[in-house]
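Enquirer: okay, predicted coordinates and the sequence, questions at the end:
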Amino acid sequence: MTTSTPSPLQKPVSQKFGLTVRIFIGMISGIIIGALLQWLFDDSGDFSFSVFGFQVSTYALLIDGIFNIVGSIFIASLKMLVVPLVFVSLVCGTSSLSDPSKLGRLGGKSILLYISTTAIAISLAVSFALLVAPGEGLNLTTEAAFVAKEAPSLGQVIINMMPTNPINAMAEGNMLQIIVFAVFFGIAMAMTGDTGKRLTAVFEDFSTVIMKLVTILMNLAPYGVFVLMAKLFATIGFDTIASLLKYFLLVVFVLLLHAFVSYPIILKVLSGLSPVVLIKKMRDAALFAFSTSSSSATLPITMETAIKKLGVKRSVASFTVPLGSTINMDGTAIMQGVATVFIAQVYAVDLSLGDYMMVILTATLASIGTAGVPGVGLIMLAMVLQQVNLPVEGIALIIGVDRLLDMTRTAVNVTGDCMVACIVAKSENELDMDVFNDENAGTKYEEVDFEHLDKNN
């Protein structure tokens, strides 16, 4: 029996195109289909047809039905892996540390870098917003109201980091509590001799299985991205974007400036690593983040990128990346900086230099003070506005385009997570330079073993 080798025309899309290309195709196709559906429904109204005597709405079938269900399942499947991935990886990484004091250094360096990049991000945002003045001359009104949730104090956040019930923390997805418990558990394993070694082997096997699950989801990503984009652009109002176009474009510009200028400079100065390599290898994770608008949902992909593509040792990546997905708010800080200036100009409120300095300080500290809180971006913005006596109701003006901006700033955030992981790993001699410089590192999930697929033919 001979094994046939498929011709290029017989090969599935997963073999002819890399994962990045397939995700991009899915994203663009979803945007086009979504925009066409919105135009069709707005121009001609909803269409309905009869099935077994029941009237079925086309809009309900496609948007609220197929797109919503498939997209929700895709996001849920990603979130499904977050807690086990973070806990298992962090336990494995912590238990392998020969020097317990190293954990303190990792934490100190990571937090300092995350705070510093957030301060840089909001400083850029405020500076460019003052230069461009996106809110001058606008007379926007809205009947919508925004009620700000009360943010916990920094002290309360620190207290809440200690889990009283680790199982409950995992059930609720409280990332800071999971990180603390995993660190303690890993340290205890390292201190219990042979028992700890046997348990470490079990956790290593768990880690291998979880990463295989990540690989499976990576290959399903183009389809999930397609339905997410189709649903979003079928429901978003382009008239809303047009009225806030100057604000929208300015936020996107500063986000891209931070990702492609600030991050490369910081990486090169602090580690000497090539920014081009980092940007190239972040493509898949950034596209995932853009599509899902969630650093937490993208966390499995970000971890895979840091370890397998960038060469960050698991002992570093398992700590810095989950921490970054929780407290790294660079993209959100940029939105807050531009939004604060925009709202001040719309309401004709003159802010002093001291007010803008307070905006920068408040947003930077709030990135940690609101870590792990649902809806953190708008809560942080409400805190900033209250600090400089601007009407919190102004947030309602920008909510219409915030979903699109959230996609872009999430992509920036995950890039920052991996950038910090690389810098910290390099400083601790925990970066595999051969993997970092290998263009093909970590791309096995893009390949299909056609010999095994055809062995029965």
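Expert: Yes, it's here.

Enquirer: and the closest residue to residue 280 other than its chain neighbours, how many neighbours?
Expert: Closest residue to residue 280 apart from its sequence neighbours, by CB to CB, 6 or more residues apart in numbering: residue 439 at 7.5 Å. In this view, the C-beta of every residue, glycine as well, is placed from N, C-alpha and C. Using other CB atoms under 10 Å, residue 439 has 9 neighbouring residues.

Enquirer: helices of the stretch 301-450 of the chain, start to end?
Expert: Using DSSP state H, counting those that start in this stretch, the helices found in the stretch 301-450 of the chain span residues 314-327, 330-346, 353-369, 376-387, 395-427, 433-437, 450-453.

Enquirer: deepest in the core, which of the ones you listed is it.
Expert: helix 330-346 (a mean of 28; mean count of other CB atoms under 10 Å).

Enquirer: what's the distance between the residue most central in space within the chain and residue 324?
Expert: What sits nearest the mean C-alpha location of the chain, by CA atoms, centre = their mean, is residue 295, with 2.6 Å. Computed as CB to CB, to the nearest Å, the residue 295 to residue 324 distance reads 8 Å.

Enquirer: same check, this time on residue 133
Expert: Going from residue 133 to residue 324 by CB to CB gives 33 Å.

Enquirer: which positions in the one helix or strand residue 184 maps to come out as buried?
Expert: Per DSSP states H and E: residue 184 is located in helix 175-190. For helix 175-190, the neighbour count (16 or more other CB atoms under 10 Å) marks 175-183, 185-187, 189-190 as buried.

Enquirer: what distance separates it from the centre of its chain?
Expert: How far helix 175-190 lies from its chain's middle: 23 Å, per CA atoms, centre = their mean, to the nearest Å.

Enquirer: ok, stretch 106-125 next?
Expert: With CA atoms, centre = their mean, you get 16 Å for stretch 106-125.

Enquirer: residues of it that come out buried?
Expert: Across stretch 106-125, burial judged by 16+ other CB under 10 Å covers 106-107, 109-111, 113-115, 117-125.

Enquirer: please flag which of these sit within strands.
Expert: With strands defined by DSSP state E, no entry of those lies inside them.

Enquirer: could you measure from the residue nearest to residue 280 over to residue 249?
Expert: Going from residue 439 to residue 249 by CB to CB gives 33 Å.

Enquirer: same thing with residue 191?
Expert: Distance of residue 191 to residue 249, computed by CB to CB: 55 Å.

Enquirer: residue 105 too?
Expert: For residue 105, the distance to residue 249 (CB to CB) stands at 41 Å.

Enquirer: do the same with residue 205
Expert: Using CB to CB, one gets 49 Å for the distance from residue 205 to residue 249.

Enquirer: where does the nearest residue to residue 432 once chain neighbours are set aside land on pLDDT?
Expert: Nearest residue to residue 432 in three dimensions, chain neighbours excluded: residue 311, at 3.5 Å (CB to CB, 6+ apart). On pLDDT, residue 311 comes in at 93.

Enquirer: what's the burial count for residue 311?
Expert: Neighbour count for residue 311, taken as other CB under 10 Å: 24.

Enquirer: ok, it - contacts?
Expert: Neighbour list for residue 311: 425, 431, 432, 433, 434, 435, 436, 441 [criterion: CB atoms under 8 Å, 6 or more residues apart in numbering].

Enquirer: just give me the closest of the residues you listed to residue 260.
Expert: residue 436 (19.0 Å; CB to CB).

Enquirer: and the gap between the residue nearest to that closest one when sequence neighbours are not counted and residue 268?
Expert: Among residues not flanking residue 436 along the chain, residue 311 sits closest, at 4.1 Å (CB to CB, 6+ apart). Distance from residue 311 to residue 268, counting by CB to CB: 17 Å.

Enquirer: ditto for residue 309
Expert: On the measure of CB to CB, residue 309 and residue 268 end up 19 Å apart.

Enquirer: quick one: which of the two has more around it?
Expert: For residue 309 versus residue 268, neighbours defined as other CB under 10 Å are more numerous around residue 309 (25 against 13).

Enquirer: show me the shaky parts of the stretch 201-350 of the chain.
Expert: Scanning the stretch 201-350 of the chain for pLDDT under 70 picks out 237-243.

Enquirer: looking at it, the residue nearest to the centre of the chain is touching residue 417, isn't it?
Expert: Yes - in this structure residue 295 lies within contact range of residue 417 using CB atoms under 8 Å: 7.5 Å.

Enquirer: can you list residues touching both of the two?
Expert: Common neighbours of residue 295 and residue 417 are listed as 302, 324, 325, 328 (criterion: CB under 8 Å, 6+ apart).

Enquirer: grab the nearest non-local neighbour of residue 183.
Expert: With CB to CB, 6+ apart, the residue lying closest to residue 183 is residue 94, at 5.3 Å.
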